[in-house]
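Engineer: After the sequence you'll find the predicted model.
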Amino acid sequence: MGYKPVRLFPREEKFFDLLEAQVGRIVEAARLLNNGVRKGQSAISGMAADIKRLEHEADRITHSLFTKLNQTFVTPMDPEDLHALGAALDDVIDYIEDAAFRLDAYDVDPARTGIGELAEIIQKCSETLELAIGKLKTKQNHLNDCIEINRLENSADELVRKLVTRLFAEETNAITLLKYKEIYETLEAATDRCEDVADILQTIVVKNS
């Protein structure tokens, strides 16, 4: 009879499924944000509520990821990298939700120049993140995706600087000025968090090269 070795510490491959589920919620939230902004104020409240629901779902996925990480002896990649990825992805959707909340709570006009452009950048960043995360399971190189995310984040930074400069030059109502400044900066922070994920993914490439 042939002997089949028993794996005392089986590798847990479901981590990739959880990461893909996380980034899937992020992409859905980013698309809702972009579509809501373009539809106008009447769509903002419903959009914010839908994104809040997705953020709660993402929190549960993150919790499942961390719980499984604590219970698994042999992981498909460095446990610290898995933890860092899960936490960084959670931050992305947190900032998307925060931006949606502020758009709703502050009752601002989302058609104002810049908000739509930033929402579109966030969607593109999220979709590129989804491509990169999807390549982890098959061990494909995701370096070009990370470079694209860095490029998009830089474009968001440049846009926000121009928008804030224009805001201070043209807006005379102090409260309105603060509202828009916070929204611009929160939207920019969402792209910053996408870049954080890309940085972790680049570290993974270096470790496994």
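Structural biologist: Perfect, thanks for sending it. Numbering: from 1, shown residues only.
Engineer: Next, the buried residues of whichever helix in the chain runs longest.
Structural biologist: Longest helix in the chain, counting residues (DSSP state H): helix 174-207. For helix 174-207, the neighbour count (16 or more other CB atoms under 10 Å) marks 179-181, 183-184, 186-198, 200-204 as buried. C-beta: built from backbone N, CA, C; applies to glycine.
Engineer: so where do the strands sit in the chain?
Structural biologist: With DSSP state E as the definition, the chain shows no strands.
Engineer: Okay, now the unreliable bits of it?
Structural biologist: The model of the chain has pLDDT under 70 over residues 1-13, 208-209.
Engineer: Please, where are all the helices along it?
Structural biologist: Going by DSSP H, the chain shows helices at 14-39, 41-71, 79-105, 115-138, 143-170, 174-207.
Engineer: thought residue 78 was touching residue 203?
Structural biologist: No: using CB atoms under 8 Å, residue 78 is not in contact with residue 203; the gap is 9.2 Å.
Engineer: Taking the centroid of this structure, which residue is nearest it?
Structural biologist: What sits nearest the mean C-alpha location of the chain, by CA atoms, centre = their mean, is residue 92, with 3.1 Å.
Engineer: Could you pull up the contacting residues of the nearest residue in space to residue 148 that is not next to it in sequence?
Structural biologist: Sequence neighbours aside, residue 128 is the residue nearest to residue 148 in space, at 5.2 Å (criterion: CB to CB, 6 or more residues apart in numbering). The contact partners of residue 128, taken as CB atoms under 8 Å, 6 or more residues apart in numbering, are 145, 148-149, 152.
Engineer: With residue 16 as the reference, measure out to residue 86.
Structural biologist: Going from residue 86 to residue 16 by CB to CB, to the nearest Å gives 12 Å.
Engineer: Have a look at these two and say which one is more surrounded.
Structural biologist: Under the criterion of other CB atoms under 10 Å, the comparison of residue 86 against residue 16 puts residue 86 first, with 23 against 18.
Engineer: And the more buried one, how far from residue 113?
Structural biologist: 36 Å.
Engineer: Dihedrals phi and psi, residue 40?
Structural biologist: phi 110, psi -180 (degrees, to the nearest 10).
Engineer: Likewise for residue 76?
Structural biologist: phi -70, psi -10.
Engineer: Ok, residue 113 next?
Structural biologist: phi -50, psi 130.
Engineer: Does it touch residue 167 like I think?
Structural biologist: No: distance between residue 113 and residue 167: 9.8 Å, which falls outside the contact criterion (CB under 8 Å).
Engineer: These two - which one has more neighbours?
Structural biologist: Legend: neighbour count by other CB under 10 Å for residue 113 and residue 167, higher for residue 167 (19 against 10).
Engineer: could you list every residue that touches that one?
Structural biologist: 177, 180-181, 184.
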